[in-house]
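J.: Below: sequence and its predicted model.
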Number of protein chains: 2
Amino acid sequence: MAILVVGSVALDTIKTPTGKVEDAIGGSAIHFSAAASFFSPVRVVGVVGPDYPYKKIGFLKKRDVDLSGLETAEGETFRWSGEYTHDWNSAITHDTKLNVFKTFSPKISDSFRQSQFLFLANIDPTLQLQTLDQVEKPLLAAMDTMNFWIQGTKRAELLEVLKRVDLLLINDGEAKMLSKKNHLLDAAQAILQMGPQTLVIKKGEHGAVLFHKNEIFSLPAYPTKNIVDPTGAGDSFAGGFMGFLAKAGDLSQNNMRRAVVYGSVMASFMVTDFSCDRMRTLTAEDIAVRYKNFCELVRF
Amino acid sequence: MAILVVGSVALDTIKTPTGKVEDAIGGSAIHFSAAASFFSPVRVVGVVGPDYPYKKIGFLKKRDVDLSGLETAEGETFRWSGEYTHDWNSAITHDTKLNVFKTFSPKISDSFRQSQFLFLANIDPTLQLQTLDQVEKPLLAAMDTMNFWIQGTKRAELLEVLKRVDLLLINDGEAKMLSKKNHLLDAAQAILQMGPQTLVIKKGEHGAVLFHKNEIFSLPAYPTKNIVDPTGAGDSFAGGFMGFLAKAGDLSQNNMRRAVVYGSVMASFMVTDFSCDRMRTLTAEDIAVRYKNFCELVRF
C-alpha cells in the first residue's frame, strides 16, 4: 500500500566531527521517503522554491516515490544549518530560513486522499491538522514532532493532532518534554492518554521502545561506531517503520515489532553518511542482512 | 557447581527518594550470594566484626550459602553510608569506614580452593590478586571493580587482576574510565585487549551488552518504575549471571546470553526494595516468570 507523507523539504548545511556539507538534500519528507521507498510506494506533499535541485533526488523517482505533490512556490527552498559535536543526539541549530515554508499550506490531491498509510512528518502542527482535514481516515495515521512545537506556542494544535492520529514516533527527550514526566514509562503512559494507541520512543544509541496494545517491545540499537551525520535518523526510522507496515498491510503486534526493527535498520544505515546519501546506494540485500544481524544481536 | 565469592560484607546506611535504612545488610559478597544462591551453592570469603548481625542473613544459609569463610576480626564491621537522588545510576558516598577491612587478607580454605566458579566481587585489587594466588584455575574466573580502583593508586594491581580472569562485569561509565575511550564499542575492544575474553557492560536503565567470542549480545533493561534502592544491583546481576552459569556448568555462547538475562532478572528484582530484602521473599517461580517476560519484551 502507498504511504502519503507531508513534511519539510529542505537544503541542509551541516557540520559534524567528520566533515561538512552545504545545501545537501534534507527535510523530514525527503529523508522519510528515501527510507520508506525501499518497502512501499510513497507520495510526497511539500513545497520547494525554483532553486530546488531536483536532479539530486532522481534516485527517489526510480523507487516509486511520487513527487507530484511537491509544489513549487515563489522564493527560496527552506534551508537549515546546524552542527553536531560529539554528542550525536542533539544538533546545534545555526540558522533556519523558512522561505517558501512561511506561506505553505498542504493541498492533498484527490488521488492522494485515500492513502491507507499517512505520515505527518515533523512540521508545524497547524499544517498537520490541515492535512488530516483533507484525507479520508487511513488504516494508520502516524506523526512525528519536535521540541520546537512541544514547548512553543503551537502546543494546543499539537495536542489536537495527537488526538487524531493512531501512532506517535518521538525521541525520549521529546517524550519527557511532551508529557512533563521524568521517567520514560510515566511519559509513555501519559502520551497514550493524549490520543495515539501506539507509541514508539526512540532512544538513539540505546535503541527504541514500542508501546502497543498493553505490550512493551524493547530493541537495543545496532552497535556501530561509524556515525557520520545523524540528521534524518528519526525520519529514516519512521520510513523503515511505516514502509514495512504499508508493505505488510496488517498492523498485528508481531508486525509492529518487526516494523521497529526495520526502523532501526534504516536509521543505522542513514547515519553512516551525510544527508540521505547512504540511501542512494543501499540495497534490499543490505537491509535483509542487517535485519538478520538484529535477530542475532538479541537472540537468547 | 559451587561458586566461590570473595568480596565485602558491610552494613549500609542508605537514603533514597523513597526512604532510608540504617546498618542494613550490604556488601558485594552478600548481595552477590543473595542472588546467586537461587541457582547454585555459594561459598563466601570475607570479614566482619563481632557486631555483625548474623541472624539477619539466616535466609542465606537456608539456600546453601556456605559462610564458613566469613572470618570475624577484632573491630567493627565495614560500614558504608550513601545517598541516591533521582539519578539512580550514581550514589553519593557520605562516609566509608573500612574498619575490619583495613587489615583483611582473604584466606581460602582447602575445601574452597577447587571451586569451579570464582567471583572476585568489588574489593581492593590487591585482595583479588591474593585470592587468585590461592585458588586452582577455575572453569570461570570473573571479576567486578569500581571507579575508586580504576582511577586510584591501585590501577596497576587492577590491570594485573584483569590479565588473570576470564570475564569482567562492569558498568558503562566504569568501562569508559578503565579504557579511557568515549565510545562503548571502543571501550569494549580496549578492555578485551587487557585480558578477559568475555565482557559484560551494564548500562542501568538501558540494559546490558555481552561481548563474547566475537559476538555481541544486547539486552534492554526490564521496564520498571518501581525503584527503591539501587544498592547491590550490579552484585545481584553478577549473582544471577554466575549462578546460572554454575548451575548449567557449560559456557557456550547461548548460555552466556541466557546468563545476561538471568543477571538482568535478578537486578530488576533487587532494586525494588532496600538492601537485599527482595531476595528474602523472592521465589524460583518469580524468577521464571520474569525470564519469560524478558523473552516477550524482546521477541519479534
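T.: Noted; the coordinates are in hand.

J.: Leaving out sequence neighbours, find the closest residue to the residue in the stretch 1-150 of chain A that chain B sits nearest to.
T.: The minimum distance from the stretch 1-150 of chain A to chain B, using Cβ to the nearest Cβ, falls at residue A:86 (7.1 Å). No exception for glycine: its C-beta is placed from N, CA and C like everyone else's. With Cβ to Cβ, 6 or more residues apart in numbering or on different chains as the criterion, residue A:86 has its nearest non-adjacent residue at 6.1 Å, and that residue is residue A:17.

J.: That neighbour touches residue A:83, doesn't it?
T.: No - contact criterion Cβ atoms under 8 Å: residue A:17 and residue A:83 do not qualify, at 9.6 Å.

J.: Enumerate the residues of the stretch 201-300 of chain A near chain B.
T.: By the rule Cβ under 8 Å from any Cβ of the partner chain, the part of the stretch 201-300 of chain A lying against chain B is A:203, A:205-207, A:209, A:215-221, A:223-225, A:254, A:257-258, A:260-261, A:296-300.

J.: In helices, which of those residues appear?
T.: Of those, the ones assigned to helices by DSSP state H are A:254, A:257-258, A:260-261, A:296-298.

J.: Would you mind listing which of the residues you listed are buried?
T.: Buried members of these, scored by 16 or more other Cβ atoms under 10 Å in any protein chain shown, are A:257-258, A:260-261, A:297-298.

J.: For the stretch 51-200 of chain A, just list every one of the helices.
T.: Secondary structure of the stretch 51-200 of chain A (DSSP state H, counting those that start in this stretch): helices at A:58-61, A:125-134, A:147-151, A:155-164, A:172-179, A:184-192.

J.: picking up where we left off before, could the ones in helices among the residues of the stretch 201-300 of chain A next to chain B go into TSV alongside distance to residue B:275 and pLDDT?
T.: Shown next, in TSV, are these (distance: Cβ to Cβ, whole Å; pLDDT from 0 to 100):
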residue	distance to residue B:275	pLDDT
A:254	41	97
A:257	37	98
A:258	42	98
A:260	37	98
A:261	39	98
A:296	38	97
A:297	35	98
A:298	32	97
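
J.: Just the closest of those residues to chain B, please.
T.: For those, the nearest to chain B is residue A:257 (3.9 Å; Cβ to the nearest Cβ).

J.: in terms of contact, does that closest one touch residue A:217 like I think?
T.: Yes - when contacts are counted by Cβ under 8 Å, residue A:257 is listed as touching residue A:217 (4.7 Å).

J.: Find the residues that touch each one of those two.
T.: A:210, B:299-300 (Cβ atoms under 8 Å, 6 or more residues apart in numbering or on different chains).

J.: Out of those residues, flag the one nearest to residue B:75.
T.: Set against residue B:75, the nearest of the shared contacts of residue A:257 and residue A:217 by Cβ to Cβ is residue B:299 (52.2 Å).

J.: In space, what's closest to that closest one - neighbours in sequence excluded?
T.: The nearest residue in space to residue B:299 (Cβ to Cβ, 6+ apart) is residue A:257, at 7.3 Å.

J.: now do residue A:204
T.: For residue A:204, the spatially nearest residue (Cβ to Cβ, 6+ apart) is residue A:89, at 4.9 Å.
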